[in-house]
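Enquirer: Quick check, what structure comes out for this input:
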Amino acid sequence: MSWNLHQHLGLNIEEPTALSYTYRVAHNKAMTFLKKKSRYVDVDPANFRDVLKAPVPEPEVDYSFLHKALAELPPRMAAVIQLQYYENLSYKDISERLGISLKAVESLLVRAKRVLRKKISQEKPDNRVI
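Expert: Below you'll find the predicted structure:
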């Protein structure tokens with residue numbers, strides 16, 4: 001027993017064509033339903049309460065103690081720290097720029113970091129300085 005949709009609708013087409021037409025209509029309707037369904041997400045609105053809150057900016061770090069400690073360093077130590085950490089120069093480039101040996105650059109950096117660590121830890125004893 002077959003149901004003749006094309007006859008029911010009053011269409012004058014052959015049965016195989018009508019069958020293909022029916023399958024295509026069913027397919028398109030199903031795809032439309034699925035596309036519409038996927039546009040919506042079933043989520044509890046209570047989960048979005050925190051989304052609308054303005055982000056809290058991170059507090060700015062106060063490096064004034066570091067700048068003060070750098071200013072108190074002897075000129076050669078301050079120059080080596082400046083070139084190494086602010087200008088990102090290699091030990092070789094620092095030695096060429098300052099006219100000193102690589103070993104002298106290494107020694108100055110070690111001593112400068114030790115002095116900075118000591119000055120910063122005296123000024124800010126609650127902060128751990130590595």
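Enquirer: so how far is the longest helix along the chain off the chain centroid?
Expert: In the chain, assigned by DSSP state H, the helix with the most residues is helix 15-38. Put simply, helix 15-38 sits 44 Å off its chain's centre (Cα atoms, centre = their mean, to the nearest Å).
Enquirer: Return the distance of K118 relative to L73.
Expert: Going from K118 to L73 by Cβ to Cβ, to the nearest Å gives 11 Å. Yep, even glycine has a C-beta here, placed from its N, CA and C like the rest.
Enquirer: Just want to know which of those two has more residues nearby.
Expert: Legend: neighbour count by other Cβ atoms under 10 Å for K118 and L73, higher for L73 (18 against 12).
Enquirer: That one is in contact with Q82, isn't it?
Expert: No: using Cβ atoms under 8 Å, L73 is not in contact with Q82; the gap is 9.6 Å.
Enquirer: So which residues of this structure form helices?
Expert: Taking DSSP H as the criterion, the chain carries its helices at 5-8, 15-38, 64-71, 75-81, 91-98, 102-123.
Enquirer: Point out the most buried one among those.
Expert: Of all these, helix 75-81 carries the top mean neighbour count, a mean of 17, counting by mean count of other Cβ atoms under 10 Å.
Enquirer: elements contacting that one?
Expert: Using 3 or more Cβ pairs under 8 Å, 6 or more residues apart in numbering; DSSP states H and E, the elements in contact with helix 75-81 are helix 64-71, helix 91-98, helix 102-123.
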